[in-house]
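Peer 1: Make a model of this:
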Amino acid sequence: MATLPDPEQLWPAVERIYRRECLLLQEARYPEWLSFFAPEFRYRMPVVRSTDARADMVARAGELAYYDEDRTTMELRAKKLASSMAWTEVPPCRLRYFVQLLDISAAGSTAVAVSNVLVFRTRHESQENTFYGERTDRLVDVEGQLKIAERTVVLDKVRLAAENLNVFL
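Peer 2: Residues are numbered from 1 along each chain as shown. Below you'll find the predicted structure:
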């Protein structure tokens with residue numbers, strides 16, 4: 001794998017990925033969205049708990065998570081959302097994504113990007129949900145292209161008020 005440039009040079013490339021990703025997700029173009037991920041990747045959104053210790057708030061690897069996926073399961077989720085089998089998408093949800101890149105660090109062939117994420121979802125006339133939290137991506141060079149090898153999303157809410165979780169963050 002190639003050595004990645006310093007974080008200042010990576011910043012515009014990562015922001016371009018995130019802007020394009022927002023557009024694709026808002027338009028439910030999931031196969032294209034999955035092209036931003038490395039051939040083998042992990043997408044995880046662990047459960048958040050109310051505890052006295054900050055270190056214990058987020059479920060660790062192997063513990064309960066809203067999402068704990070790889071390419072195979074993410075492709076299945078994407079196909080289902082695009083089909084008429086996904087009752088949560090009949091009629092389709094309206095989505096609006098906001099991603100704020102906060103920091104990038106790089107070492108060798110890996111970069112880590114930390115960002116805030118905010119997603120508004122509306123459905124029917126009255127169903128509204130807001131998802132917000134922190135997103136940490138580990139990015140790698142795959143044949144000259146920056147790809148997401150691991151994504152961890154930590155929501156700020158302990159209890160989700162949503163009827164379902166058919167949205168990717």
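
Peer 1: Could you list the buried residues of the strand of greatest length in the chain?
Peer 2: Secondary structure of the chain read by DSSP state E shows that its longest strand is strand 127-142. Using 16 or more other Cβ atoms under 10 Å as the test for burial, strand 127-142 gives Asn129, Phe131, Gly133, Arg135, Thr136, Asp137, Arg138, Leu139, Val140, Asp141, Val142. C-beta coordinates here come from the backbone N, C-alpha and C atoms, glycine included.

Peer 1: contacting residues for the residue nearest to the spatial centre of the chain?
Peer 2: Compute the mean C-alpha point of the chain, and by Cα atoms, centre = their mean the closest residue is Leu169, 3.5 Å away. Residues in contact with Leu169 (Cβ atoms under 8 Å, 6 or more residues apart in numbering) are Met45, Val117, Val119, Phe131, Gly133, Arg135, Val153, Leu155.

Peer 1: Spatially nearest residue to it (excluding sequence neighbours)?
Peer 2: Leaving aside its chain neighbours, Leu169 sits nearest to Val153 (4.5 Å; criterion: Cβ to Cβ, 6 or more residues apart in numbering).

Peer 1: How about Glu134?
Peer 2: Counting by Cβ to Cβ, 6+ apart, Glu134 lies nearest to Val154, which is 5.0 Å off, once chain neighbours are set aside.

Peer 1: ok but Arg77 is inside a helix, no?
Peer 2: Yes: using DSSP: H, G, I helix; E, B strand; the rest coil, the secondary structure at Arg77 is a helix.

Peer 1: Got the phi and psi for the residue lying closest to it once chain neighbours are set aside?
Peer 2: Once flanking residues are discounted, Arg77 sits nearest to Glu69: 7.1 Å by Cβ to Cβ, 6+ apart. With angles defined as degrees, to the nearest 10, Glu69 sits at phi -120, psi 160.

Peer 1: Please name the residues that touch Glu69.
Peer 2: Per Cβ under 8 Å, 6+ apart, neighbours of Glu69: Arg42, Tyr43, Arg44, Arg77.

Peer 1: Give me the below-cutoff pLDDT ranges for this protein.
Peer 2: Counting by pLDDT under 70, the chain contains low-confidence ranges at 1-2, 51-53, 55-56, 59, 83-90, 162-165.

Peer 1: Walking through it, point out its strands one by one.
Peer 2: Taking DSSP E as the test, the strands found in the chain are 37-46, 65-69, 94-107, 110-123, 127-142, 145-155.
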